[in-house]
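*Asks:* Turn this into a model:
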Amino acid sequence: MTQTAAHDWELWSTTARLVVTDTVELIDLNSANGILVAGSLTRRVVLGPDDVAVLGDSQLRVASLIRTTGSDAKAQGVADRVTLFTQSDFGRTFAPNQSSGTDHAWGNQQLVMGAAVAGGTAYGRYPELVIRGPDDVGTADWEREGRWIPTQSVDQYAATLLRWWGLTEPQLDQALPNLRNFGSARNLGFMRA
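*Replies:* Model prediction:
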């Protein structure tokens, strides 16, 4: 096991122990950022076999951690209390820029996995992936490089998860001040009660 993989596993298993032993009810969202197991920020286009090998290694490490977490949670009878999710409101443009990289954009697909997830469905409307197409935003041609506005906000996504964790509506309003901008669309419905 590489030093990076060992570090990933240590962070992951510590978090799993906290869940299983009921040591915490809600993990501090700021410290949870320490459980990043694979770099995913794409600043340049994947060009060669070395890039593919690094990406493949990261994906295999993540897959192994997810599989082990699911198996352990099931074996310990807490699978309904363990949900794995990705979170980012950051994206990259669809088209590469002049330096073979990609520019800042919005929108992403998020993954939510676990026994409490109402799975098997995609939530939201997937954009039409056409440069300068109907979903590409910007006023000038140079801005329209594949920047798509999400159909759901990070606030709605977070509120759905936090509600499952037990926060009340007033607590959601306090934790997510922009949530009130979405009226009754405060729960995306991907978590079972």
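*Asks:* What are the boundaries of the helices in the protein?
*Replies:* Along the chain, the stretches classed as helices by DSSP state H are 3-20, 49-75, 154-165, 169-175.
*Asks:* Ranking helices and strands of the protein by mean pLDDT, which lands last?
*Replies:* Across the helices and strands of the chain, the lowest-confidence element by mean pLDDT, DSSP states H and E is helix 3-20, at a mean of 56.
*Asks:* How much space separates the residue positioned nearest the centre of the chain from Q109?
*Replies:* What sits nearest the mean C-alpha location of the chain, by C-alpha atoms, centre = their mean, is T86, with 1.7 Å. Taking C-beta to C-beta, to the nearest Å as the measure, T86 falls 8 Å from Q109. From N, CA and C alone the C-beta is placed, and that goes for glycine too.
*Asks:* Same check on E143?
*Replies:* E143 is 22 Å from Q109, where distance means C-beta to C-beta.
*Asks:* what does L188 give?
*Replies:* For L188, the distance to Q109 equals 13 Å [C-beta to C-beta].
*Asks:* what about these two, which has more around it?
*Replies:* Using other C-beta atoms under 10 Å as the criterion, L188 and Q109 rank with L188 on top: 19 against 11.
*Asks:* So the more buried one is in contact with Y157, correct?
*Replies:* Yes: the criterion here is C-beta atoms under 8 Å, and L188 meets it with Y157 at 6.3 Å.
*Asks:* Can you report how many residues lie near the nearest residue to G146 once chain neighbours are set aside?
*Replies:* Nearest residue to G146, sequence neighbours excluded (C-beta to C-beta, 6 or more residues apart in numbering): F94, at 2.3 Å. If you count neighbours by other C-beta under 10 Å, F94 ends up with 18.
*Asks:* Tell me if I'm right that F94 and G133 touch.
*Replies:* No: using C-beta under 8 Å, F94 is not in contact with G133, being 9.8 Å away.
*Asks:* For stretch 172-180, give the mean pLDDT please.
*Replies:* Here stretch 172-180 scores 93 as its mean pLDDT.
*Asks:* Contacts only, for the residue nearest to D80 when sequence neighbours are not counted.
*Replies:* Among residues not flanking D80 along the chain, A115 sits closest, at 4.7 Å (C-beta to C-beta, 6+ apart). By C-beta atoms under 8 Å, 6 or more residues apart in numbering, the contact set of A115 is 73-74, 79-80, 82.
*Asks:* same deal with D135?
*Replies:* Counting by C-beta under 8 Å, 6+ apart, D135 has contacts 127-129, 148-149.
*Asks:* my guess is G146 meets A105, correct?
*Replies:* Yes: look at G146 against A105 with C-beta under 8 Å: they come within range, at 6.9 Å.
*Asks:* could you check the distance from R81 over to L167?
*Replies:* Applying C-beta to C-beta, the value for R81 to L167 is 15 Å.
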